[in-house]
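Colleague: Build me a model from this:
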Amino acid sequence: MKKYFIILLSIICFVLLEAQEKEDRRALNLTIKNYGIGIGHSARINGIRINLSDSNLKAVNGINLTFWAPKTTGNPNSTINGLAVGLVRTYAETVNGISLGPGVSGGSLNGIHTGILGAGAEDNITGIGLGGLGIGAGSDMTGIFLSGLGMGCGENLTGIGIGGLGAGAGGNVNGILLGGLGAGCGENMNGIAMALLGAGCAEDYQGLVISGLGAGSGENFTGIGVSGLGLGSGNNYTGLAISGVGFGAGNKFTGLGVSGFAAGAGKSMTGGVLSLGMIETPLLKGLATTSYMNVDEFRGISIAIFNRIDELHGLEVGVINYAGNNSGIFKVLPGLNLHL
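Modeller: Now for the predicted structure:
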């Protein structure tokens, strides 16, 4: 019986400790057809893989546990499907599922990823990401991302991005972007951006932007802008503009604008404009109220302490009202001036 028992035990050990493939020479695989537990540099495991420092990783379907950072960010074509836990840092080229640890990184991360210090991907992150200090991706980020310091991606952000100091994307943003100091993107912004200091985008902005100091877009702005100091767009601004100091557009402003000091546009303003200091633009159509109105052509009603309008088609109300296209004593009148 003892003899048969030893033979049976040998067979079981042979099955459990399968002949190691060349890629698994530094691994102990307690597996049957790759199902079970792998200890060391196991290449492929369906179950649990435990290693001091990841190397030789190809595919894990289940749980991957490492105790130290990988010597390199190698492991090409490696995939973890399931739970990846790194007591220092976990790394795989693709992680699908949940990754946890002080540091989380990979080529692409899909799922829920939490790094006490930081989380990042060389390519894309999709899902939910939390980084104690920072979180970012070299390409796109899609989902919800929160970081204590900075959050950003090299290309497009779709979803919600929050950075304690700054948040941004090198390409487009479609969603919500919040940065303690700055928030912005290198191309187009569609959604909501908020920042204590500055917020904006290099090209077109559509949505809501709120900034403590400055906000704007390099090209067109469509929506609502609120800024403590300055607000504007490099080309056209359409919508609502509220600024503590000034707002403007490089070309046309259309909508309702409120400014604590100055408002203007390079070509024209249409709608309602209120500025405590001054309004200056070549053409203004609508209703405007300010201390000093300086407009080449005005069509509508202007209420100001001093109205200086070269070509008036409407009504001036103020202490001094100049209408350059009136003749004689009607060029300058107190109280009211009119030209239809």
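
Colleague: least trustworthy helix or strand in this structure by mean pLDDT?
Modeller: Here the helix or strand of the chain ranked lowest by mean pLDDT, DSSP states H and E is helix 2-16, holding a mean of 49.

Colleague: quick one: secondary structure of Ile112?
Modeller: Secondary structure assignment for Ile112 (DSSP: H, G, I helix; E, B strand; the rest coil): strand.

Colleague: Burial check on it, number of neighbours?
Modeller: Using other C-beta atoms under 10 Å, the number of residues around Ile112 comes to 17. C-betas here are computed from N, CA, C, even on glycine.

Colleague: Same question for Asn51.
Modeller: 22.

Colleague: Identify the residue spatially nearest to it, adjacent ones excluded.
Modeller: Once flanking residues are discounted, Asn51 sits nearest to Thr66: 5.2 Å by C-beta to C-beta, 6 or more residues apart in numbering.

Colleague: what about that neighbour, distance to Ile50?
Modeller: 8 Å (C-beta to C-beta, to the nearest Å).

Colleague: Mind checking which of these two has more residues around it?
Modeller: Neighbours were counted for Thr66 and for Ile50 using other C-beta under 10 Å; Thr66 has more, 24 against 17.

Colleague: contacting residues for that one?
Modeller: Residues in contact with Thr66 (C-beta atoms under 8 Å, 6 or more residues apart in numbering) are Ile50, Asn51, Leu52, Ser53, Asp54, Val85, Gly86, Leu87, Val88, Arg89, Thr90.

Colleague: strand partners of the stretch of helix or strand it belongs to, parallel vs antiparallel please.
Modeller: Mapping Thr66 onto the secondary structure by DSSP states H and E places it in strand 59-68. The pairing partners recorded for strand 59-68 under DSSP bridges are strand 44-53 (parallel), strand 79-86 (parallel).

Colleague: Please produce JSON lines containing those strands, extended by distance to Ile303.
Modeller: As requested, the strands paired with strand 59-68 are exported to JSON lines (distance: least, C-beta to C-beta, whole Å):
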{"stretch": "strand 44-53", "distance to Ile303": "74"}
{"stretch": "strand 79-86", "distance to Ile303": "66"}
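
Colleague: low-confidence ranges in the stretch 51-200 of the chain?
Modeller: Applying pLDDT under 70 to the stretch 51-200 of the chain flags residues 71-74.

Colleague: now the most centrally placed residue in the chain: how far from Gly154?
Modeller: Among the residues of the chain, the one closest to the centroid is Gly168, at 3.9 Å (C-alpha atoms, centre = their mean). Using C-beta to C-beta, Gly168 is found at 10 Å from Gly154.

Colleague: Neighbours of Gly166, how many?
Modeller: Applying other C-beta under 10 Å, we find 22 residues neighbouring Gly166.

Colleague: How far does the longest strand belonging to the chain sit from its chain's centre?
Modeller: Longest strand in the chain, counting residues (DSSP state E): strand 278-323. Relative to its chain's centre, strand 278-323 lies at 40 Å (C-alpha atoms, centre = their mean, to the nearest Å).

Colleague: quick check: mean pLDDT across it?
Modeller: Strand 278-323 carries an average pLDDT of 98.

Colleague: What of stretch 219-226?
Modeller: 98.

Colleague: Which elements pack onto the helix or strand hosting Ile162?
Modeller: Assigned by DSSP H and E, Ile162 belongs to strand 157-163. Strand 157-163 sits against strand 141-147, strand 150-153, strand 166-169, strand 173-179, with contacts defined as 3 or more C-beta pairs under 8 Å, 6 or more residues apart in numbering; DSSP states H and E.

Colleague: how about JSON lines for the ones you listed, with distance to Ala199 added?
Modeller: Output for the helices and strands packed on strand 157-163, formatted as JSON lines (distance: least, C-beta to C-beta, whole Å):
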{"stretch": "strand 141-147", "distance to Ala199": "17"}
{"stretch": "strand 150-153", "distance to Ala199": "14"}
{"stretch": "strand 166-169", "distance to Ala199": "9"}
{"stretch": "strand 173-179", "distance to Ala199": "7"}
